[in-house]
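K.L.:
fold the following, please.
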Amino acid sequence: MRALVSRLDSFGDVLLAGPAVRAVAARAGHLTLLCGTHGAPAARLLPGVDEVLVWDAPWAGFRPPAVDRADIDALADRIDADTGIVLTSFHQSPLPTALVLRLAGVRRLAADSVDYPGTLLDVRHQRDPHLHEAEAALELAEAAGFPRVDDGRLAVRPPPDTAALTGSGPYVVLHPGASVPARAWSPERAAEAVRELAAAGHRVLVTGGPGERDLTAYVAGGHGTDLGGRTGAPELAGVLAGARAVVTGNTGPAHLAAAVGTPVVSLFAPVVPAERWGPYGVPCVLLGDQDAPCAGSRARECPVPGHPCLNTVTATDVAAAVEKLVGETS
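P.N.:
Here you go, the predicted model:
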């Protein structure tokens, strides 16, 4: 059987699909993961994936491309699968993707859908709205005939040795950036946390992507080690795997930390529900006002002046949460 799993969203979304991907891979001779550009680095880390097919859909992502028939036709020509699962978030429709996969000749398709699918789906599953995204994907896979094959936790391929980046001795990681501004702690608060963690005796590494070098340099200051722009996805996995704890918002590195088994202090803005998107399967301390006015809004820019859901969290709160997790896992 040649199988295809589609998850067209971000880095973290693709990591959360990992347990379902492993379930499908266990019964497939070949598994293709269809994902967008931002999810591709995560897709290449997932066990069970034989091929990563990268395509940016007009109905997914923060800046989707225009509809281009030639582009869609070219994608359909590249797909070679007998069966497929379309993974989406609770607020997304799987039907546009299902249509493309049908045009590509995929004979059997499954997805969560509240909309009438006509002949686009063979398995129209109804998800529990309270399930974590990783659990919801596993439940869909099982409904499609792919039962879970392991403990269902997030996982990635073994990361490379990152001692040259981290140095020797224990450390914690603070990742101040986020995929959208509404989910980010303020740089000032993050810098305060680095200073407070350092004063408590922790060695602090500050991580970020190539476009976040100014942010990571500011946050690291003179008390942390700035790794901004120095880690691709595999290297970041290695850095996070070696940490005693990771401090980050609701963004991809939170899920990558969970995938390598590292405890997370989650600065979680409630614009999406923590029960669906919080760090999965690892010890976690959730910080942030989950009843703030922005709760459930899916806002990308904070709609409340001062960003109170996160900026009421102090450096002392974060340091205490780190101490709690380190104490529990030592």
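
K.L.:
where are the low-confidence patches of this structure?
P.N.:
Judged by pLDDT under 70, the chain has its weakly predicted residues at 330.

K.L.:
where do the domain boundaries of it fall?
P.N.:
When the chain is parsed with automatic domain parsing, its domains come out as 2-143, 163-329.

K.L.:
export the ones you listed to CSV and tack on mean neighbour count?
P.N.:
C-beta coordinates here come from the backbone N, C-alpha and C atoms, glycine included. Formatted as CSV, these follow (neighbours: other C-beta atoms under 10 Å):
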stretch, mean neighbour count
domain 2-143, 20
domain 163-329, 20
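
K.L.:
any idea which of those domains gets closest to Gly152?
P.N.:
With C-beta to C-beta as the criterion, Gly152 lies closest to domain 2-143 of those, at 4.7 Å.

K.L.:
which residues of this structure fall in strands?
P.N.:
2-7, 30-35, 51-54, 83-86, 108-112, 123-125, 172-175, 204-206, 225-226, 246-249, 264-267, 284-287 (DSSP state E).

K.L.:
so which of those strands gets nearest Leu131?
P.N.:
strand 108-112 (10.1 Å).

K.L.:
now the domains of the chain as CSV including distance to Arg157?
P.N.:
What follows is the domains of the chain, written out as CSV (distance: least, C-beta to C-beta, whole Å):
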stretch, distance to Arg157
domain 2-143, 6
domain 163-329, 8
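
K.L.:
could the strands of the chain go into JSON lines alongside distance to Thr97?
P.N.:
Output for the strands of the chain, formatted as JSON lines (distance: least, C-beta to C-beta, whole Å):
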{"stretch": "strand 2-7", "distance to Thr97": "5"}
{"stretch": "strand 30-35", "distance to Thr97": "8"}
{"stretch": "strand 51-54", "distance to Thr97": "12"}
{"stretch": "strand 83-86", "distance to Thr97": "5"}
{"stretch": "strand 108-112", "distance to Thr97": "8"}
{"stretch": "strand 123-125", "distance to Thr97": "14"}
{"stretch": "strand 172-175", "distance to Thr97": "30"}
{"stretch": "strand 204-206", "distance to Thr97": "37"}
{"stretch": "strand 225-226", "distance to Thr97": "39"}
{"stretch": "strand 246-249", "distance to Thr97": "28"}
{"stretch": "strand 264-267", "distance to Thr97": "29"}
{"stretch": "strand 284-287", "distance to Thr97": "31"}
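
K.L.:
for Asp150, give me its contacts.
P.N.:
Residues in contact with Asp150, defined by C-beta atoms under 8 Å, 6 or more residues apart in numbering, are 19, 22.

K.L.:
rerun at 10 Å
P.N.:
19, 22-23, 26, 47 (C-beta atoms under 10 Å, 6 or more residues apart in numbering).

K.L.:
try Val86
P.N.:
Contacts of Val86 by C-beta under 10 Å, 6+ apart are 4-8, 34, 92-98, 100-101, 106, 109-113, 120-121, 140.

K.L.:
for it, name its beta-bridge partners.
P.N.:
Listed by DSSP bridges, the beta-bridge partners for Val86 are Ser6, Ala111.

K.L.:
which one of the domains of the chain lies closest to Leu154?
P.N.:
Here domain 163-329 is closest among the domains of the chain (C-beta to C-beta), at 3.9 Å.

K.L.:
end-to-end on the closest one?
P.N.:
Terminal residues of domain 163-329 are spaced 21 Å apart (C-alpha to C-alpha, to the nearest Å).

K.L.:
tell me where the stretch 101-250 of the chain has helices.
P.N.:
For the stretch 101-250 of the chain, the helices defined by DSSP state H, counting those that start in this stretch occupy 133-143, 163-166, 187-199, 213-220, 233-241.

K.L.:
could you dump the ones you listed into a markdown table and include distance to Tyr280?
P.N.:
As requested, the helices of the stretch 101-250 of the chain are exported to a markdown table (distance: least, C-beta to C-beta, whole Å):
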| stretch | distance to Tyr280 |
| --- | --- |
| helix 133-143 | 5 |
| helix 163-166 | 24 |
| helix 187-199 | 23 |
| helix 213-220 | 25 |
| helix 233-241 | 14 |
